Each structure stands twice: as C-alpha cells, then as structure tokens.
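Participant: give me a 3D structure for the following:
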Amino acid sequence: MSSLNDDTEMRVTGNTRYSVNFRERGWLVVVGVVFSVVLNVALVTTVAVISHDKSSHKHTSCDSPACVETAAAVAGSLNKTHPACSDFYEYSCGGYKLHHNLEDGAWTYTVWTELSETHSKRLRMSVEAADKTQKYGKEVATLFASCMDLVALNASNSKPLLDLINKGDGLQFPALVGSAWDRTKFDLSLWIKTLHQMEVNTLFTLTKGPNPIKPSDVALKIFPSGLNMYSWDYTSDASWAAKRREDYKNRMVGYIKNLGVNSNETAIRIDVEDAFQFEIKLAGITPDWRNDIYTPKMLRLRKLYRDYLPVTKVNWKDYITSMYPEKFAPNEYEPIFIEESSYFQNLSKLIAHTQDRTLANYMAMSLLYNLADHLPEHISGQITAHKRWDWDASPLYFKCAEVTEKLMPWAASRAMLDRGLISDKTAAKKIFENIKTELVGAVDSVSQTYGFSADFTKQLKDRVTHLKEKIGYPDWILNQTLVNQYYSRMKSSLDPKQYLQNVMQMSKFRRTALLMSYEENMNGGEGWDTYLGDNTASYYLHGNDIYIPLYYLFAPVYSHDMPDSFNYGGMGAWVGYYMVYALEDDWRTYIDDKGNILPLNISEADGKAYTAAKGCNDYISNATYLPPGEETPISVKVSMNSGVQYQHNDIIATRASYKAFRKNMKGSQAAPGLPSGTDRVFYLAVGQFYCSAKYDHHSYYHKLLNAIAASSPEFTQAFGCQPDDPLYNSGKTVCSL
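Facilitator: Okay, the predicted model is just below:
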C-alpha cells in the first residue's frame, strides 16, 4: 500500500508517516468536565494578537527537504474542492482516499497503517545493517534474523517450549501428558517464578517503579495482575461473549494438540475447561482497574517474608530472590509496596481450594498464550500467528520488527540512530511543557470563575503540574558506550537459529534489567518502564508519566523541520489528548507535591461547572456537517443517545494546543503547497492523523474531526466560515469546555 518498497532507503527528512493503533476511549467523568470548562474560559478571555520574532527561529523559510516533502504529503491528502466549513474531514482527508486504494481483503487503510508499515521498514533496514562490532548491534541483528528465519523456526518448532513444560519436573503440563501427570512433583512457586522471569505476570506482578512516598527513589511493588486468557469479557452482549470464549477454548485445544505430545482431544478439552473455570473465579476477586483505587501499603521485605501477605503455596522470599541475578537479591530491609492486600488474601483462599492439576493447567496455558505469537501458525493456530497482527496481508518483517523493538528497544533505537533515522525531539519536549502550562493556568481561571476552594484548586493543578514526559527514547541511548554497557549484562549471546529461545532469554533479561534498575542507572535515576514497540501513547499513574512512542516524532504527527503551526497541530493535539486522557483515566486520584497518590474530592465539580459543560454538550451535539453527495446535514453526535462525550478529550486537547501554539510560535508558519494562514496549517495538522482510505460519512472519526472544528471560533475565523455554513461558530455561543 505504501509507495515505499521493501528496499527503499528512507530518511528522517522524507515523507514518512508513523503508526499507532486507534485509541481506546472511555466515558468522560466530572474531572474531565471541569478541565473542559477550564480551557474555554481561559481561551475566550485571553484571545490576543501574538507578535512574532522571525529572526530568532529556524522556521524563517520552510525549504528543507523534510519540510517540502511533508507539506507535499499533507497537500496530497486534501480535497480543496469541498468547503472546509461544510465538512472539515472531507477537506482534510478527501485526497487521501483518492490516493490510497484498499488492497483486497483489507477492511481499512489509514494514516496510522501507512506509518506502521513505514516504521517497520525503517526498523528492518536499521537492524539488518546494525554495526555488529558493537554488542547492541550484534544482538539486535541476531534477534531479528532469527525471527525472519522461518526455515529454522519450523525445524525447531516448539522444542524450547516443550523442554520447559514437558520434563517431568515441577513444571509439567497436565493437558500435555494426560494421565502421566505426577501430582507429587507439582510446584506452584516454581511455576510462578518461571513465568514471571519471562514477563508472563500470572496471578500477580512484581515490578519496580517510583516510590509513592519519595518519588525520586524507586521501590519494589506487588499488585494484582490482569487475566491471561479470554474467560472474562467487558461486553454487554452475553451471547457474543459466550461464543467468543468457546471459540477461544477450541483454539487452545488445537494449539495443545499441535504440540505433538497428547492427541487425546477429549482429555485436553477437559483440562482446558478446568483452567478457564479457574480464571473465571480469579476474575471474581481481581480488582477492576477502571473502578477501584489501589491503596499501596509499605512494609519491609523482612515483614513480607515472615508473616505478612501469606499466599498458599507461595514462598515470598524464595520468589523475590529468584527474580534477581545470583548474589544481587535485595536486603531484607528494603521497602516494598503492596497494592490491594485483600486481593492476596482472597487469592490464598482460592488457591487453597483449587486442585493442583487445575493450577498447573492454568499456569501452563498462561505461558502458551503469551508465547503463541512466537510460534509458527501450524502450532499456535489462530490464537495468534507468526505474522503481523493483520495476519494475511502483511509480510513477516512487520511481526519481527514489532518483536525486536519490544524485546530490545534500546538496541533497536540505537540502530536507527546510527542510520540517521531518529528525529530530534527538542521541539516536541517544548510543546509538552507549553501545553502543560496552559492546562495549569486554565485551572486558576476556572477556579476563580466558579469559586473552587484552594484545596480543590491545588488538587486539580497537581494532576497536571507533576506530569512528566518520556518522548520517543531516553537520552542515554545517544551515548553508544552506555548502550553497549546495558546489553553487556546479558548472560550469553543470542542464537541466530533459535528464535523462541531468544525470545525467552530476552524476556528474562528485560525483567532483570527492570529489577536491577539498569535503565535508572543509565538515565540519571529515571527509568522507562515500557518499551518503544508499544503502539500507543500511555499514561502511568504511579510514575505520573506520559510515554510518547518513538514514531510520534515523525510526520504527520511531528517534523522537526516543519513550522510550529504544524507541530502544535499534530504533536501538540496528540500529546494534549493523552494529558487530558490521564486526567480522565484515573480521575479518582491526584498526585501531590511529594508524588503521593491521593483521593480527589470531586464534589466541588458539581453545580455551575457541570451545568456549563452540559450546555457545551448540547451545543456541540446540535452541530452538523455536510459531506459531498449528501442532501441532508449529518449530526456530529456519535449516536442518538450519546452526545459528544467521546469527543471531549480531543476538543480539550486541541484547544489547549492551540493556545500554547499562539503564545509560543516563532518565525514563519507557512509551508509550501499548503493553504496560507497560520491557523489553517494548525487545523490541517490536527486533521491529518484521522485520514483513512475507507470511511463513510457517518464514521466516528469523521464526526470527531468536525466536532473539533465546530467547537472552535478560531477555526471559523481561519477558514472564513459564514453564518450559513454547518461548522460556523460565531463565538457568541461559546462552547464552555
């Protein structure tokens, strides 16, 4: 689909687009409403003419190859024959549909799909040509090559996996061996240790992160894990959920049969059902991260080892010691934070009343589920496949690029840096800080308007003030010596003919690196508890961090050579979205000056503030747009029963980014081939990452982009909208977001 073939040489300056999976959205609650009110009050009361110091900024002329090519790509996505004030989505993305034909069988093709493909090609070129005289270059090239070597993969099949769970010791898998399973050798602690060392966090998770009491330090944490299989479901469609579960169980049965040890399908099915029933019970005691507030309790490891948090069949000292390299286990006086201790009490009871065979099956199936993605399709079946996530249409290197970036993020990033494929992130960091400043200032404004108490105002400001950015990559990877030092801690080199073994080895190394604080030591005390291969930005409450993936540093989200109007519209609106999403996602709590996670008093958000936000809902819900070929305007409402709740985050983020842009822009804001006007370029950059080659006029993102336009008087002014245009906003009926 992309105009780039597999062997095309790509540069940061080229017309390259980057990928992210579409974001999951939740219902916006009262705190989101408050921040909605905040931004509009600040924006409406502070509209001013901004002076420009063209001599002090690099964008006096947008004539670099990166700027020219990026602007050309954006211009190619436009449909200038359709009025922006009638349907801004069609104006922004109508050309994209014309220039990108869907492949047979593809259900859609978006800017993000295109960027994903480009990123995988960029990564492939980097790791294949990695400098093998460097430790990181040798290992990352080996991992990628072993993934690409299907001949070796098929020859070895699942041997490393079978060696682990079919040796007759405490890790024996009952469904695999049937009646030969020996209950006397079952060892739950051994299962937990083995899985957790490979980052399969079954039953609970041990990690290391910011100390809730002293955020400048790191500390051990134990908390409930998510579930490992599909015995749960979040949908209200019970019949569909039941069908989905049965389908998955059938796939798991086939997966186990394909391992080639046990051919008794009836017996396997009984064991699979047994494991699923256990997970249903486990789901019943697992806290709901969407509704429950974790309350960390600090104690010393010595206390944990002796008498606190007993869990049947789990030896805490043996478990934690096993997670560390030999002779490096933490001392007994090191603090550890326990989240949801009641869960562990319930877990102990559940384990005590569960048969050993059931537990062994559940642990083994959790492992199989997590490793299925690294096995040939004739083994794992359609649980997953040794291909990219959209299976049939994508070449193998997409999957291998994803795996490589996940397991060796810093080596992969360094390899891209060596090829000159990593963009400068200085401007992106400034955008982050400037948007944060706008949100903080907006809190003061709305607090004065609605008379919020000093305590509540401080709580709201603390939610934003202490947000930290982790954009693209940690700065220490710029030092080649440090990257080599990081990977020199690997126990042994990877084997080019043993892909699955390499995956297991690197998973263990990643867990060790986290607990041993390797990254914190490299990065001045601050680690990146994630991987660059994560395909969406993320917010982590306990570190109060927003992670921005590496590919956000590329067009159409960001280009260091493009003017501020483009970068604030792309990177700014996108980063702002995740700032607001952070407030929505964990709205029940806030971060204080010491980094403590405390309950948020939302009672003050009622009354006038909520009423004003409801008025905005009503106003935007009545907005419409008129696509080409339609005789009747279409409402921006997502459905008959939902106004614009799903659209709040994007509207808030866009307005915050716009304010930050107008206050901080410097130099010329024009780009060749794009419409004239500073604000036009800003809004076109916002619109670019919603483009798709397949859409109908009622699609969610079609509605969303038009809702953003309809909510903004500045959009009306930028594009010269008239009162009879569907997206016209006079500014008199201001959306109190």
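Participant: helices or strands up against the helix or strand where Ala442 lies?
Facilitator: Using DSSP states H and E, Ala442 falls within helix 426-450. For helix 426-450, the elements it packs on are helix 30-45, helix 454-465, strand 468-471, strand 545-548, helix 564-567, helix 573-585, helix 608-621, helix 648-664, judged by 3 or more CB pairs under 8 Å, 6 or more residues apart in numbering; DSSP states H and E. Where you see a C-beta, it was placed from the backbone N, CA and C, and this is true even at glycine.
Participant: weakest of the ones you listed in terms of mean pLDDT?
Facilitator: Sorting the helices and strands packed on helix 426-450 by mean pLDDT places helix 30-45 lowest, at a mean of 44.
Participant: related to what we said a few turns ago, list the buried residues in the helix holding Ala442.
Facilitator: Within helix 426-450, the residues scored as buried using 16 or more other CB atoms under 10 Å are 427-428, 431-432, 434-443, 445-447, 449-450.
Participant: how far off centre is it?
Facilitator: In terms of CA atoms, centre = their mean, to the nearest Å, the centre of helix 426-450 is found 23 Å from the chain centre.
Participant: next: stretch 483-499.
Facilitator: Computed by CA atoms, centre = their mean, the separation of stretch 483-499 from the middle of its chain amounts to 27 Å.
Participant: need the CA coordinates for it. CSV is fine.
Facilitator: Output in CSV follows, covering the C-alpha atoms of stretch 483-499 (Å, rounded to 0.1, in the frame of the first residue of the first chain):
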residue,chain,number,x,y,z
VAL,A,483,24.0,1.1,25.1
ASN,A,484,26.8,-1.4,24.8
GLN,A,485,27.2,-1.4,28.6
TYR,A,486,23.5,-2.1,29.0
TYR,A,487,23.5,-5.2,26.8
SER,A,488,26.8,-6.4,28.0
ARG,A,489,24.9,-7.7,31.1
MET,A,490,23.3,-10.4,29.0
LYS,A,491,24.4,-13.9,30.3
SER,A,492,25.0,-15.2,26.8
SER,A,493,24.7,-14.2,23.2
LEU,A,494,21.6,-14.9,21.1
ASP,A,495,21.5,-17.8,18.7
PRO,A,496,20.5,-17.0,15.1
LYS,A,497,18.9,-20.4,14.7
GLN,A,498,16.9,-20.4,18.0
TYR,A,499,14.2,-17.7,17.8
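Participant: residues in contact with that stretch?
Facilitator: With CB atoms under 8 Å, 6 or more residues apart in numbering as the test, stretch 483-499 has contacts from 134-136, 138-139, 142-143, 145-147, 149, 152-153, 156, 160, 374, 408, 410-411, 414, 476-477, 501-502, 505-506, 509, 512-513, 516, 518-519, 522.
Participant: could I have the buried ones of those as PyMOL selection syntax?
Facilitator: In PyMOL, this line selects whichever of those come out buried by 16+ other CB under 10 Å:
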select buried, resi 134+135+136+138+139+142+143+145+146+147+149+153+156+160+374+408+410+411+414+476+477+501+502+505+506+509+512+513+516+518+519+522
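Participant: mind listing what the nearest residue to Glu630 once chain neighbours are set aside touches?
Facilitator: Distance criterion CB to CB, 6 or more residues apart in numbering; nearest residue to Glu630, sequence neighbours excluded, is His697 at 6.1 Å. By CB under 8 Å, 6+ apart, the residues touching His697 are Asp87, Pro627, Glu630, Ile634.
Participant: wait, the second one sits on Phe88?
Facilitator: No - with the criterion set as CB atoms under 8 Å, Pro627 and Phe88 do not qualify as a contacting pair; they are 10.4 Å apart.
Participant: have a look at those two and say which one is more surrounded.
Facilitator: Using other CB atoms under 10 Å, the more surrounded residue of Pro627 and Phe88 is Phe88, with 29 against 20.
Participant: give me the phi and psi for that one.
Facilitator: Phi and psi for Phe88, reported as degrees, to the nearest 10, are phi -70, psi -30.
Participant: check which helix or strand the closest residue to it other than its chain neighbours maps to.
Facilitator: Residue nearest to Phe88 in three dimensions, not counting chain neighbours: Ala709, with 4.2 Å by CB to CB, 6+ apart. Per DSSP H and E, Ala709 falls inside helix 700-710.
Participant: A strand includes Ser274, no?
Facilitator: Actually, residue 274 is Asp. It isn't Ser. No - judged by DSSP: H, G, I helix; E, B strand; the rest coil, Asp274 forms no part of a strand; its state is helix.
Participant: I'd like the numbering to begin with 16 instead of 1 from here.
Facilitator: Understood, numbering begins at 16; the last thing we discussed is Asp289.
Participant: was I right to think it contacts Asn376?
Facilitator: Yes - using CB under 8 Å, Asp289 makes contact with Asn376 at a distance of 5.8 Å.
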